[in-house]
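> Fold the following.
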Amino acid sequence: MYQLEKPIYFYLLFTIIVIALLLLWVLIWKKQTQKRFSDAKSFKKLSPNRSLFKLILKVFVVSLSLACLSIALVNPKIGTKIETIKREGVDVVFALDVSKSMLAEDIAPNRMEKSKQLVTQIINSLSGDRIGIIGYAGSAFPQVPITTDFSSAKLFLNSMNTDMVSSQGTAISEAIEMAQTYYNDEEQVNRVLFIISDGEDHEGNVSALAKQASNQGIRIFTIGVGTEQGALIPIKRNGILQHYKRDKNNEQIITRLNVGTLKEISEVANGEYIDGTNTAEVVETVTAILNGMDKKEFEAKQFTDFNDQFQWFLAGALFLLVLDVLLLERKTAWLKKLNLFNED
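Numbering: from 1, shown residues only. Okay, the predicted model is just below:
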């Protein structure tokens with residue numbers, strides 16, 4: 001297991017590209033300038049010890065030292081100690097709607113991005129809980145299994161988009177059905193499912209499945225994203241609007257927040273409906289809900305001690321810089337005798 005303390009310093013690696021381009025420009029400029037005064041053979045006689053290979057080697061050494069320096073500034077850390085940590089928490093699963101209707105911009109920046117913001121902020125407020133993420137549109141798919149690794153979960157969450165499912169629609173019932181397979185701990189007294197959606201459902205049997213989930217001890221809370229006034233569904237390419245989504249009759253589709261469906265699901269499954277408009281209020285409500293639940297103690301193994309590794313790369317950078325100073329641009333006598341490049 002490793003950590004990168006300051007990955008922003010990886011951008012320093014771009015200076016290597018700049019140096020390579022600068023070297024190429026210098027070589028071209030030198031060649032063109034030399035042609036004005038002498039041909040290649042004459043110039044070789046005038047500068048017999050000039051070595052192009054040594055020049056390129058020096059630039060390569062400097063570039064390698066910059067790469068080492070960049071990694072040293074990033075400061076990679078390697079985990080050296082694993083401990084079993086006891087936690088108290090609840091198993092929380094998020095079912096995120098990724099259907100095309102989530103592209104509607106009746107809530108900024110759009111329903112999809114707002115949903116991801118809500119889930120991210122909720123995860124940030126959790127401590128000892130375990131989380132899982134499900135995505136669904138015309139069908140449901142597992143995005144993140146039950147885990148205590150919040151960082152990885154947020155990484156996978158950020159990659160979710162409306163193109164992840166080829167079959168379009170909003171199959172909330174499939175998401176509820178899949179969520180029932182997520183809770184792998186039979187002793188967990190509280191199991192929570194948060195459905196983040198605009199409430200559109202194209203299957204109709206969602207209440208029966210919500211009741212079934214409730215019978216298994218799963219409480220379902222729904223978070224509504226969007227407005228009841230609704231909005232058109234923009235289809236964009238590279239951030240540029242192409243057109244608005246249309247139905248079979250070529251009419252522009254207006255998608256609206258269906259509060260009724262979301263409230264029905266939460267009531268049947270012993271939960272409650274939460275308005276997703278205000279992120280801070282949603283996080284506060286969710287935190288209060290989870291804090292009020294009985295939490296189960298469980299064990300999780302994780303790295304608790306990390307050692308800095310920057311010193312190795314810093315030493316490498318210093319060594320290469322000293323080597324660059326010692327390297328001369330003229331030809332080396334013993335290499336010249338070997339005639340590796342078939343020089344005259």
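> can you pull out the strands in the stretch 51-200 of the chain?
76-89, 91-97, 130-136, 140-147, 191-197 (DSSP state E, counting those that start in this stretch).
> need those in CSV with mean neighbour count and distance to Val206, can you?
Heads up, the C-betas are built off the backbone N, CA and C, glycines and all. Converted to CSV, the strands of the stretch 51-200 of the chain look like this (neighbours: other C-beta atoms under 10 Å; distance: least, C-beta to C-beta, whole Å):
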stretch, mean neighbour count, distance to Val206
strand 76-89, 13, 28
strand 91-97, 26, 12
strand 130-136, 25, 12
strand 140-147, 17, 12
strand 191-197, 27, 10
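> could you dump those to TSV with distance to Asp294?
Putting the strands of the stretch 51-200 of the chain into TSV (distance: least, C-beta to C-beta, whole Å) gives the following:
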stretch	distance to Asp294
strand 76-89	9
strand 91-97	12
strand 130-136	15
strand 140-147	18
strand 191-197	11
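> Pro234: which of those strands is closest?
Counting by C-beta to C-beta, Pro234 lies closest to strand 91-97 out of the strands of the stretch 51-200 of the chain; the figure is 16.7 Å.
> related to what we said a few turns ago, now render the strands of the stretch 51-200 of the chain as JSON lines, adding distance to Leu4 and mean pLDDT.
Output for the strands of the stretch 51-200 of the chain, formatted as JSON lines (distance: least, C-beta to C-beta, whole Å; pLDDT from 0 to 100):
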{"stretch": "strand 76-89", "distance to Leu4": "6", "mean pLDDT": "71"}
{"stretch": "strand 91-97", "distance to Leu4": "26", "mean pLDDT": "93"}
{"stretch": "strand 130-136", "distance to Leu4": "23", "mean pLDDT": "93"}
{"stretch": "strand 140-147", "distance to Leu4": "20", "mean pLDDT": "91"}
{"stretch": "strand 191-197", "distance to Leu4": "30", "mean pLDDT": "94"}
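> Minimum distance to Leu118: which of these has it?
Nearest of the strands of the stretch 51-200 of the chain (C-beta to C-beta): strand 191-197, 6.2 Å.
> The closest one packs against which elements?
When contacts are defined as 3 or more C-beta pairs under 8 Å, 6 or more residues apart in numbering; DSSP states H and E, strand 191-197 packs onto strand 91-97, helix 111-125, helix 172-179, strand 218-224, helix 259-268, helix 279-291.
> what distance separates the fifth one from the middle of the whole chain?
It refers to helix 259-268. Its chain's C-alpha centre and that of helix 259-268 lie 32 Å apart, by C-alpha atoms, centre = their mean, to the nearest Å.
> Can you give the strand pairings for the following helix or strand past it, parallel or anti for each?
Once helix 259-268 ends, the next helix or strand along the chain (criterion: DSSP states H and E) is strand 273-275. Using DSSP bridges, strand 273-275 pairs in its sheet with strand 218-224 (parallel).
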